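Asks: I would like the atomic coordinates for the input below:
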Amino acid sequence: MTMSENSGKSRMTMLDERYLSIADLQERQQKLDHEIKNLDLGALEITEDDLYDEWCDPKTPRILRFEEIAAAAYRIKFGVERTPC
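Replies: As a prediction, the model looks like this:
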């Protein structure tokens, strides 16, 4: 996912990196590094609604089956950056 400016608000967009060349990925990484360095965290307005996750509400616990978790892991497999940690 990447952050981009849209009418003064940040929004997230999906990027499927499987179809990009190494040069495109390196260029994209440089742009993202530049965006991160210039991000003003003090200007972000975070509300309770931003932090609320209906799937993680202790008032209404949910039970997930293994199949649901495995399907979700498969769907995000190529969207998660692998790090040495």
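Asks: quick one: contacts for Thr83?
Replies: Listed by C-beta atoms under 8 Å, 6 or more residues apart in numbering, Thr83 has no contact partners. Yep, even glycine has a C-beta here, placed from its N, CA and C like the rest.
Asks: phi and psi next, for it.
Replies: Dihedral pair for Thr83: phi -120, psi 160, per degrees, to the nearest 10.
Asks: how far away is Trp51 from Ile76?
Replies: Small correction: residue 51 is Leu, not Trp. 21 Å (C-beta to C-beta, to the nearest Å).
Asks: check Asp49 too.
Replies: Remark: distance between Asp49 and Ile76 (C-beta to C-beta) = 24 Å.
Asks: now do Leu44
Replies: 24 Å.
Asks: do the same with Lys37
Replies: Distance, Lys37 to Ile76, using C-beta to C-beta: 26 Å.
Asks: show me the helices in this structure, by range?
Replies: Using DSSP state H, the helices of the chain run over residues 22-37, 48-51, 66-76.
Asks: okay if I get those as JSON lines plus mean neighbour count, distance to Pro84 and mean pLDDT?
Replies: Putting the helices of the chain into JSON lines (neighbours: other C-beta atoms under 10 Å; distance: least, C-beta to C-beta, whole Å; pLDDT from 0 to 100) gives the following:
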{"stretch": "helix 22-37", "mean neighbour count": "11", "distance to Pro84": "16", "mean pLDDT": "89"}
{"stretch": "helix 48-51", "mean neighbour count": "7", "distance to Pro84": "29", "mean pLDDT": "87"}
{"stretch": "helix 66-76", "mean neighbour count": "9", "distance to Pro84": "20", "mean pLDDT": "91"}
